[in-house]
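Trainee: Generate coordinates for the sequence data below:
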Amino acid sequence: MNRPPSTQLIACGALAWEIAELIRANGWSHMSISCVPAHYHNTPDKIPEAVRAKIRAARGSYDRIVVVYGDCGTGGLLDNVLAEEGVERIPGPHCYQFYAGETNFAALMDDEPGSFFLTDYLVRHFDLLILRGLGLDRYPQLLGDYFGNYRKLVYLAQIEDAGLVERAKTAADRLGLAYEYRYTGYGELGKFLNTASLEGTTHGADPDSLLA
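Mentor: Below is the predicted model:
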C-alpha cells in the first residue's frame, strides 16, 4: 500500500471531538484537524472567509485539504469560497444531516417540521450555547420567541452515554419540548472521512470495517 497523502481537515469546532475520535480509533495518523470556532454558527457570514484563511494557511504543508463543514447558514457563500480555492467539502447543509443521514433526516422533518436538534456537542454545551448564548438565562421571557414554533427536541446521539441522555432530557424540559432520542453514531461523517482517508492509496479496506 502506498503511503496515504497527508491531509488537513478543516472543520467546524462542533465536530472536533468526533473527528479526533475517528482519527484515533482508525489510526489515520496522516490526517490532522484545524477548526473554525463553533460559535461562528451564530454569525455564519464569518464562516466562509475563516475557512478560506485556514485553507491558505495549510497550503504547502499538506498533500490534501478537505473541509468538514456543512453550508451552515452561509447561503452558498462557503461553497463559492471552496470553488475558488479548489477544495472539496462533505456534502450536506449541516451536521444534523451528516449524523442522521439524508434519508433519515428528511423523514424526521416530515414527521415533525417543528423539531429542534441536539448532537453530543450541543448537549454537552447546552447551557453555554443555548441558554446563555441566546440570553435565556437572563431573559427567560424570550423562550417563546425563540422556541414557540418548535414542538419536539430530537437528540441525535453519536455515542451511547446515559449521562448525555439525561442532560438532553433536561434540555427538552427547559425548552418545554417533547423529547426523542435517536442513536446515529457518526453516520455520513464517518463514511466521508473513511473515504478521504483511503484516497491516494493503491489498496483499500472495506470502508465499513474501519468505522469506529
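Trainee: Chain neighbours aside, what residue packs nearest to Lys46?
Mentor: Tyr40 (5.0 Å; Cβ to Cβ, 6 or more residues apart in numbering). Where you see a C-beta, it was placed from the backbone N, CA and C, and this is true even at glycine.
Trainee: ditto for Ile55
Mentor: Using Cβ to Cβ, 6+ apart, the nearest residue to Ile55 is Glu85, at 5.0 Å.
Trainee: In contact with that neighbour, which residues?
Mentor: Arg52, Ile55, Arg56 (Cβ atoms under 8 Å, 6 or more residues apart in numbering).
Trainee: Equivalent analysis for Ser61, please.
Mentor: By Cβ under 8 Å, 6+ apart, the contact list for Ser61 reads Ser6, Gln8.
Trainee: Domain ranges for this structure, per the record?
Mentor: If you go by automatic domain parsing, the domain ranges for the chain are 7-94+188-210, 102-183.
Trainee: for this protein, longest helix please?
Mentor: Ranked by residue count and defined by DSSP state H, the top helix of the chain is helix 162-175.
Trainee: Relative to the very next helix or strand once past that helix, what are the paired strands and their orientations?
Mentor: On the C-terminal side of helix 162-175, the closest following helix or strand by DSSP states H and E is strand 178-183. Strand 178-183 has its sheet partners listed here by DSSP bridges as strand 152-157 (parallel).
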